[in-house]
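A.B. asks: Just the structure for this:
(chains A and B)
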Amino acid sequence: MNVAWTLADDTGPGEVARRFTQHRLAIASLAVLIILTGLCLAAPLIEAGLGIDAAAVDLFARYQAPSAAHPLGTDELGRDVLVRLLYGGRVSLFVGSTAALAAAVLGTTVGLVAGYTGGRTDAFLMRLTDGVIALPLLPLLIVLAAIDLGKLGLPPALTDASDISLYRIVAIVALAGWTTVARLVRGTALAIKTRPFVLAARSQGAGPMRIMLRHILPNLTTPIIVATTLSVGNVILLESVLSFLGLGIQPPLPSWGNLLTGAQETIWQAPGLAFYPGLAIFITVIAFNFVGDGLQDALDPRASERRR
Amino acid sequence: MWSFLIRRLIQCAGVLLVMSFVVYALIGLMPGDPVDLMISADPKVTAADAARLRALYGLDQPIWSRYLNWLGAAIGGDFGYSRLYAQPVFTAILPALVNTLTLVAMSLCLALMIALPAGIFAATRPYSAADYGINFAAFAGVSMPPFWLGILLILLFSVILGWLPAGGTAAASGSSGFFCGAAYLVLPIASLTIAGVGGHTRYMRASMIETLRQDFIRTARAKGLGERDVVLGHALQNAMIPVVTVIALDFGALFSGALITETVFAYPGMGKLIFESVMGNDYNLALVGLLMATALTLAGNLLADAAYAALDPRISFETARA
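C.D. replies: Numbering: from 1, shown residues only, chains lettered A, B, ... in the order given. Below you'll find the predicted structure:
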């Protein structure tokens, strides 16, 4: 598979933008993502506008059909489904983007050090990467999500914090997702470090840190951006799976995954509860995949020609 | 080739050994310990009793010494008892392994029967409406949350149409007969198949397009072969090489990926077993289940590399990346 990224020298920002806008599906997906994010960010406003409280339990209004007051009806505790969905979206989108970024940073660091340093460090880091890739991901993530943070020696103030499940899932996904970027960055760094401008920088006395950060890293932004965009969708999927299994985001904090946890039991009374959160995940993930695909085509036409 | 295989097998054994320690340590980090579970059932146990029990079972020893004890017993063939199933670990695992193998093998076959023709069809008409349609469907399949797919299938076929059971197995519901058993397999297999077909279609399409661009295809066309002979007779063999590798990799990944499908449909396979043993503090079972999943994934990787070297004469076992 294409580990090394071809460096297209003739691509200015204008040219990239032009190619991206030709990718109609990607543009439409970008619009969908912007609208969805806007709606999720506006969740408190919509909540106030509808005059309801998303956390208010009303056991006399369970499983209500959609109405003007509750556009998507109510759930098993009488809470408004639409507003819970939007609040869940804030969490899922936050986890998706943060964890993808964290994985990219970790992967870039590993790949850059391995590619530039070479030798034993490179061999060790790449063995580690191969090892992580060869592991059964999901069962191991379940174990990681189930461990008792207190036994790791973390202070109780931290382990008992209400939103610890949020940061924990970001950390877990980042631990699992850095390998793609690491291999990509290493391959490209290997190709770049023999180029004359790196030699020139070294001859002027630049240290390894400066060469890696100022001379090699800027040439890697394109592949890293594409890989990260493409991974956001996967991260959202992974978060939703873990939350669905009861190991990710912990209720009452809603996420698209944990909104579906109880939905299977109530599927006979309220099929809608099982439908909307999954639809939200599906639309978001497919949109991120299309945007990533479009970006890849726009930023690296030669690679896309090879793929098409 | 033998030296390649032996070297890789030794490497796999090494990875398994390292993993067994990592997993052992991780499981030790889970909430509670076996003595907590014992004394939770008996309120008369004092703190001194608990400490004596911990000493009796060696739980007061450091992690590495406990691990070495476990390893010694495991090498002797003793993997301990499963707490949830009250059976030796392997007696509990074997039926689950068979169930998952059935599920994974059938859905992989089905997925390939759809994906390979679809990928070839799309590749021979790049940028046509059919190509875009297939590509879009493949993207949709890859982006579908697997558990939601399962829930949707239950919603349609069990809740609305009432044709198929929502989950479980024939044995669990007390009914018998082949067709009755098969009915419980339909939705899980359909779910895993839909989840896998998109990725394989995209690989097949990409690989076929790449192959059709090569010189020997131009030669085949130039000597007057029909398009059908060119694609199926000349291109397919070469286009299949990377696809076969991905299939072998996928087989390993499917084993742990089936976890979600098995949980949604209450299908008693390896994934559900691992999930329940982790959640239920069944340490022995969780440890062996996870190691078995690792071994199967490694076997898939090994198979992929071996297939690659065997199929592509340009790659020898000596140069294949170890």
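
A.B. asks: can you tell me the residue of chain B closest to chain A?
C.D. replies: Using C-beta to the nearest C-beta, the closest approach of chain B to chain A is made by B:W148 at 3.2 Å. Every C-beta, even on glycine, is put in place using the N, C-alpha and C of the backbone.

A.B. asks: so which helix or strand takes in that residue?
C.D. replies: If you go by DSSP states H and E, B:W148 is part of helix B:146-154.

A.B. asks: Can you name the residues of the stretch 201-308 of chain A that neighbour chain B?
C.D. replies: A:233, A:237, A:240-241, A:244-245, A:257, A:260, A:263-264, A:267-268, A:271, A:274-275, A:277-278, A:281-282, A:285-286, A:289-290, A:293, A:306-308 (C-beta under 8 Å from any C-beta of the partner chain).

A.B. asks: burial of A:Q204, as a residue count?
C.D. replies: Look at A:Q204: counted by other C-beta atoms under 10 Å in any protein chain shown, it has 8 neighbours.

A.B. asks: now do the one 3 residues further on
C.D. replies: Per other C-beta under 10 Å, the neighbour tally for A:G207 reads 9.

A.B. asks: could you measure it against A:H215, distance?
C.D. replies: 11 Å (C-beta to C-beta, to the nearest Å).

A.B. asks: ditto for B:G226
C.D. replies: Counting by C-beta to C-beta, the gap from B:G226 to A:H215 is 54 Å.

A.B. asks: nearest spatial neighbour of the residue in the stretch 201-308 of chain A that chain B sits nearest to, skipping sequence neighbours?
C.D. replies: Residue nearest to chain B within the stretch 201-308 of chain A: A:G278 (3.2 Å; C-beta to the nearest C-beta). Take A:G278 and drop its neighbours on the chain: the residue closest to it by C-beta to C-beta, 6 or more residues apart in numbering or on different chains is B:W148, 3.2 Å away.

A.B. asks: quick one: low-confidence ranges for the stretch 101-250 of chain B?
C.D. replies: B:167-181 (pLDDT under 70).

A.B. asks: near chain A, which residues of it?
C.D. replies: Checking the stretch 101-250 of chain B against chain A by C-beta under 8 Å from any C-beta, the hits are B:126-127, B:136, B:139-140, B:142-148, B:151-152, B:154-155, B:159, B:206, B:209-210.

A.B. asks: Of those, keep whichever come out buried.
C.D. replies: B:139, B:142-148, B:151-152, B:154-155, B:206, B:209-210 (16 or more other C-beta atoms under 10 Å in any protein chain shown).

A.B. asks: what's the closest of those residues to A:T37?
C.D. replies: B:S143 (17.2 Å; C-beta to C-beta).

A.B. asks: Let me see the contact set for the residue nearest to the spatial centre of chain B.
C.D. replies: Geometric centre of chain B, nearest residue: B:F255, 1.5 Å, by C-alpha atoms, centre = their mean. Each residue near B:F255 by C-beta atoms under 8 Å, 6 or more residues apart in numbering or on different chains is listed here: A:P136, B:T100, B:V104, B:M270, B:G271, B:A293, B:L296, B:T297, B:G300.

A.B. asks: Counting neighbours, what do you get for the first one?
C.D. replies: This points to A:P136. Around A:P136 there are 28 residues (other C-beta under 10 Å).

A.B. asks: My guess is it contacts B:L290. True?
C.D. replies: Yes. Counting by C-beta atoms under 8 Å, B:L290 is a contact partner of A:P136 at 7.3 Å.
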